[in-house]
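> Any chance you could fold what I've pasted below:
(chains A and B)
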Amino acid sequence: MKKLITFRVNDREYEIAVAPNRTLTQVLREDLNLLGTKEGCGVGDCGACTVIVDGKPVNSCLVLAVQADGSDITTIEGVARGDSLHTVQQTFVEMGAIQCGFCTPGMVLSATSLLDKNPRPTEREVREAISGNLCRCTGYQKIVEAVQEASRRMKK
Amino acid sequence: MLLLPKFDYEEPKSLPEALAMLSELRGKGRVIAGGTDLIVNMKKGTVKPACLVSLKKVDGLREIVGENGALAIGSHVTVSQIAESDQVASAFPVLARSASGLGSPLIRNRATIGGNIVTARPAADLPPALIALGAQVELRGNGKDRKVPLDGFFTGPGSSVIEPGEVLTEIIVPAAPPFTGGDYIKLGHRAALEIAIVAVASRLTLDKPDGVIVDARIVLSSVAPTAVHAVSAEKALMGQRPSEELFAGAASLAVADCSPITDIRGGAEYRRDMVNTLVKRTLLKAYHDAAGVKGGGA
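Next comes the predicted model:
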């Protein structure tokens, strides 16, 4: 039977009825049309579906939408401010940290939540923070550099 | 895309309500905590509960409470809470170390300590450390509650002494005696999202800083159907004065205490070699902590 849930996604309140067997990834993409959240492996290995739930980045493919009742969620659509990209997004673009782009939303969300709690991370801490987000194009070096550059710019 | 089969979902508001619900479901219900294991298994079709019972609204399962050097950890405490807790890091660094090696940061933000225990996977990250620390789990059932040492809790891959209708609510880690030290090493191919090829948790207690070993625990993981004690290695250490030769001897005995299989992650022969190496290393570190840190470092 469907359950009525309420949650906040990117600062907007939603009240929707969902079947218990639908994941948060599915509901974000199919019901809310927030297509920035990607589904890769579906079992928590690749991190393409990363969203921030109550301040913590998680694999949305492993969260049932019903479990997100009452939560505050940020997806990649909620990261930019109007027309201006978030500093992390900007450095990703400038420094070649995006290639095919499939991992990028998840990668950006893991990186922004790292910088929120640790504005000046070491390279090791950056690598650790994005270790649940797989990228098959960049080899990670450019991503790590982009996050470090974003940290420098945000500090100013 | 892996789709989930149909099931019901309930969020009881208290533990008695949850227990009543589970008993009414007669084994067809499953408790969902973080879900990082359960949802994967449901997507793969290996478990098919008719109803998931979430304890999200049940109070008191998400706290870490410390008293006189002991810790009581609610079953719904997340693995990242444990990995980041100063309380855990100072009292039981071995536990903090095993938590920070589980899955990825994304998984750790959802996965719970209770879930990591009840799934009873041979390569689970937290049980070896918890067993070495002498942890007990509290099981609440309809009409009867019991405390069970984690040592002996597991009966095989995926199975434990937990009965249908019982809920694991708390993990109790007793205070470490003085002159105690420990170490945990997980060997995997890469740093994140790795299932252990071999993991070893060791703990030593000395009678005084330069004294003899009065308690030795060596728990081997991923090299038997459940986490196991290296029994003969532990015996060999008891009452002895610590030395590198003693540890090397114990490590070679530990090799015979396990029964590894060959699988995609590593060969049995390699695993035996690594048991030897890791037991030696963890004992050395445990001894250094025990001799140097008053009040216990494990």
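> Next, give phi and psi for B:N142.
Per-residue torsions, B:N142: phi -70, psi 100 (degrees, to the nearest 10).
> List the contacts of it.
B:L19, B:A20, B:L22, B:S23, B:G165 (CB atoms under 8 Å, 6 or more residues apart in numbering or on different chains). In short, each C-beta sits where N, CA and C put it, glycine included.
> got a pLDDT number for it?
According to the prediction, B:N142 has pLDDT 77.
> Against B:C51, how distant is it?
Here the criterion is CB to CB, to the nearest Å. By it, B:N142 lies 16 Å from B:C51.
> List the buried residues for stretch A:142-156?
Buried residues in stretch A:142-156, defined by neighbour count with 16 or more other CB atoms under 10 Å in any protein chain shown: A:K142, A:I143, A:V144, A:E145, A:A146, A:V147, A:Q148, A:E149, A:A150, A:S151, A:M154.
> Contacts (any at all) between chain B and it?
No - Stretch A:142-156 lies out of reach of chain B by CB under 8 Å from any CB of the partner chain, never closer than 13.7 Å.
> residues making contact with that stretch?
Against stretch A:142-156 from outside (CB under 8 Å, 6+ apart): A:87-88, A:90-92, A:94-97, A:107, A:111, A:114-115, A:119-121, A:123, A:126-127, A:130, A:135.
> So which of these belong to strands?
Under the assignment DSSP state E, the contacts of stretch A:142-156 contribute nothing to strands.
> Give me the PyMOL select line for the residues you listed, limited to the buried ones.
To isolate the buried members of the contacts of stretch A:142-156 in PyMOL, using 16+ other CB under 10 Å:
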select buried, chain A and resi 87+88+90+91+92+95+97+107+111+114+115+121+126+127+130+135
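> Using the three-state scheme, assign the residue in chain A that chain B sits nearest to.
Closest residue of chain A to chain B, CB to the nearest CB: A:G132 (2.7 Å). Of the three states, A:G132 takes coil according to DSSP: H, G, I helix; E, B strand; the rest coil.
> Tally up the residues packed near it, please.
26 (other CB atoms under 10 Å in any protein chain shown).
> The residue nearest to the spatial centre of chain B: which element?
By CA atoms, centre = their mean, chain B has its centre lying nearest to B:P127, at 1.4 Å. Applying DSSP states H and E as the criterion places B:P127 in helix B:126-132.
> same deal with A:L4?
Using DSSP H and E, A:L4 falls in strand A:3-9.
> who's in contact with that strand?
Contacts for strand A:3-9 (CB under 8 Å, 6+ apart): A:13-20, A:28, A:32, A:34, A:65-66, A:68-75, A:78, B:9.
> Now, of those residues, which are buried?
Buried among the contacts of strand A:3-9 (16+ other CB under 10 Å): A:18-20, A:28, A:32, A:34, A:65-66, A:68-69, A:71, A:73-75, A:78, B:9.
> Now for B:A268: which residues touch it?
Here B:A268 is in contact with B:P260, B:I261, B:T262 (CB under 8 Å, 6+ apart).
> Narrow these to those in helices?
With DSSP state H as the criterion, helices contain none of the contacts of B:A268.
> Now, of those residues, which are buried?
Looks like the contacts of B:A268 have B:P260 buried, using 16+ other CB under 10 Å.
> And the helices in chain A?
A:24-26, A:87-94, A:104-117, A:123-129, A:141-155.
> average pLDDT across the first one?
Going back to what we said before, that points to helix A:24-26. 98.
> related to what we said a few turns ago, and the next helix or strand after the helix holding B:P127, how far out from the chain middle?
Per DSSP H and E, the first helix or strand lying C-terminal to helix B:126-132 is strand B:136-140. How far strand B:136-140 lies from its chain's middle: 14 Å, per CA atoms, centre = their mean, to the nearest Å.
> Using CSV, write out every CA atom in strand B:136-140.
Extracted in CSV, the C-alpha atoms of strand B:136-140 (Å, rounded to 0.1, in the frame of the first residue of the first chain):
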residue,chain,number,x,y,z
GLN,B,136,27.7,-8.3,24.5
VAL,B,137,24.5,-7.6,22.6
GLU,B,138,21.1,-7.0,24.1
LEU,B,139,18.2,-8.9,22.4
ARG,B,140,14.7,-7.8,23.2
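> so what strands line up beside that strand?
The pairing partners recorded for strand B:136-140 under DSSP bridges are strand B:145-149 (antiparallel), strand B:167-173 (antiparallel).
> Deepest-packed of those strands, please.
strand B:167-173 (a mean of 22; mean count of other CB atoms under 10 Å in any protein chain shown).
> Could you tell me how many residues sit around the residue nearest to A:M1 when sequence neighbours are not counted?
Distance criterion CB to CB, 6 or more residues apart in numbering or on different chains; nearest residue to A:M1, sequence neighbours excluded, is B:D8 at 6.7 Å. As a burial measure, B:D8 scores 17 neighbours (other CB under 10 Å).
> For B:D8, give me its contacts.
B:D8 touches A:M1, A:P20, B:A50, B:C51, B:L52, counting by CB under 8 Å, 6+ apart.
> and if you look at B:T262?
So B:T262 contacts B:A268, B:E269 (CB under 8 Å, 6+ apart).
> what's near enough to touch B:L204?
Taking CB under 8 Å, 6+ apart, one finds B:180-182, B:213, B:215-217, B:237, B:242, B:283, B:286-287, B:290 in contact with B:L204.
> how about the strands of the stretch 1-150 of chain B, start to end?
B:8-10, B:29-32, B:51-54, B:64-67, B:70-74, B:136-140, B:145-149 (DSSP state E, counting those that start in this stretch).
> how about low-confidence regions in chain A?
A:156 (pLDDT under 70).
> and it, which residues reach chain B?
So chain A meets chain B at A:1, A:3, A:19-23, A:39, A:42-45, A:47, A:50, A:56-59, A:61-64, A:66-67, A:69, A:110, A:128-129, A:131-133 (CB under 8 Å from any CB).
> Among the residues you listed, which are located in strands?
Per DSSP E, the subset of the residues of chain A next to chain B in strands is A:K3, A:T50, A:K56, A:P57, A:V58, A:N59.
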